[in-house]
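Q: Fold the following and give me the result.
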Amino acid sequence: MTLMFYVALMLTVFLVLALLLAPVVLAPSQAARHILELVQSTRTDKRRVGTKERVIGVILSFATGLRSRLGFVEDDDFRQRMLAAGLNSRASASTYRASRFIMPVIGAVLGTVLPHHSLFMAFSLGALFYLMPDVWLRMKAKKRREKIRNGLPDALDLLVVCVEAGLGLDQAMMRVGKELIISHPEINQEFAQINLEQLAGKARLAAWKSAAQRTGVPEFSLFVTMLTQADRFGTPIVRALSRFADELRLKRRQRAEELAAKTRIKILFPLVFFIFPCIFIVLLAPAVLSIMQNMKELR
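A: Model prediction:
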């Protein structure tokens, strides 16, 4: 049974690797693709596509779908999730895709070496290890959004100071990003990305909207809406930034008060299950021991 399981596992890994590498190995060259496009055109004198081309096309279509489902293809959703987590380099994307494939194999192997191993244990650990990179990415994105939400009021205060000092909004944004590189590196990263997009020719409001979509922070989206309205109706940017910074600071204080109020309820569980039993043992154990000793003497 164990030998058959290892043979089946190795065969499965080999087939999956072959499917994942099929788009790289079987992909036709640029010249071949050009010839195939000419052949498959709507001309009356076109020739029929051979069986070999059809088989390769079916394999490539299936392998591409498998790579997309396993997260090995950089689609828009995958790129958006990586940017939301602050991972915008190719090395990070390659590491994430490799972990999505390596972790299930490690989980299946661990399931076979554990005591009382079974096929169910191997598949369960493989599925659990397959979900771990995705869970880690979601937690990292959530933590980054929380940091941006907490640091946005401070960034807006510095923007107000810089704009009142005579700097333009773009120059003020660059200055604030440099000042927050230690305390709020996530905001510095977003401001630097916005500046790079503007240097590449993207409009200011479009760059800010892409940053709001990339971060997924509601306060950032409201900030972009405020900038859009101020630019459209000619409202002074300093006054709008000051009022919006005050609102964000008030929301941050309210969130802190809400979390502080929730701790009163959350602390009941460790009190009841951990602290109170220890107190009871310390207070009642000497009395119980004394009563037991007296009962023995009466006998």
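Q: tell me which helix or strand of the protein sits lowest on mean pLDDT?
A: Across the helices and strands of the chain, mean confidence by mean pLDDT, DSSP states H and E is lowest for helix 30-39: a mean of 57.
Q: Can you check what pLDDT the model gives Met139?
A: What the model reports for Met139 is a pLDDT of 90.
Q: Ok, Leu3 next?
A: 63.
Q: again with the one 10 residues further on
A: Val13 carries a pLDDT score of 68 in this model.
Q: Phi and psi next, for Gly168.
A: Torsion angles at Gly168 (phi, psi; degrees, to the nearest 10) stand at phi -70, psi 170.
Q: same question but for Leu227, I mixed them up
A: Dihedral angles phi and psi of Leu227 (degrees, to the nearest 10) take the values phi -60, psi -40.
Q: what's the burial count for it?
A: By the measure other Cβ atoms under 10 Å, the count of residues near Leu227 is 20. All C-beta spots, glycine's among them, are computed from the backbone N, C-alpha and C.
Q: Check Ala108 too.
A: Burial measure for Ala108: 23 neighbouring residues, criterion other Cβ under 10 Å.
Q: again with Ile279
A: Counted with other Cβ under 10 Å, the burial measure for Ile279 works out to 10 neighbours.
Q: tell me the mean pLDDT over whichever strand or helix holds it?
A: With the criterion set as DSSP states H and E, the secondary-structure element containing Ile279 is helix 276-298. Averaging the model's pLDDT scores along helix 276-298 yields 81.
Q: Buried ones in it, by neighbour count?
A: In terms of neighbour count (16 or more other Cβ atoms under 10 Å), helix 276-298 has no buried residues at all.
Q: State the distance from Asp154 to Arg252.
A: For Asp154, the distance to Arg252 equals 10 Å [Cβ to Cβ, to the nearest Å].
Q: should've said Gly177
A: Taking Cβ to Cβ, one finds Gly177 at 20 Å from Arg252.
Q: Show me which of the two is the more surrounded one.
A: Neighbours of Gly177 and Arg252, each counted by other Cβ under 10 Å, are more numerous for Gly177; the result is 22 against 17.
Q: quick one: contacts for Ala85?
A: When the contact criterion is Cβ atoms under 8 Å, 6 or more residues apart in numbering, the partners of Ala85 are 137, 140-141, 144.
Q: just Met82 next, same as before
A: Contacts were defined as Cβ under 8 Å, 6+ apart; by that measure Met82 touches 88, 92-93, 96, 137.
Q: And the buried ones among the residues you listed, selectable in PyMOL?
A: Entered in PyMOL, the line below selects the buried ones among these, by 16+ other Cβ under 10 Å:
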select buried, resi 93+96+137
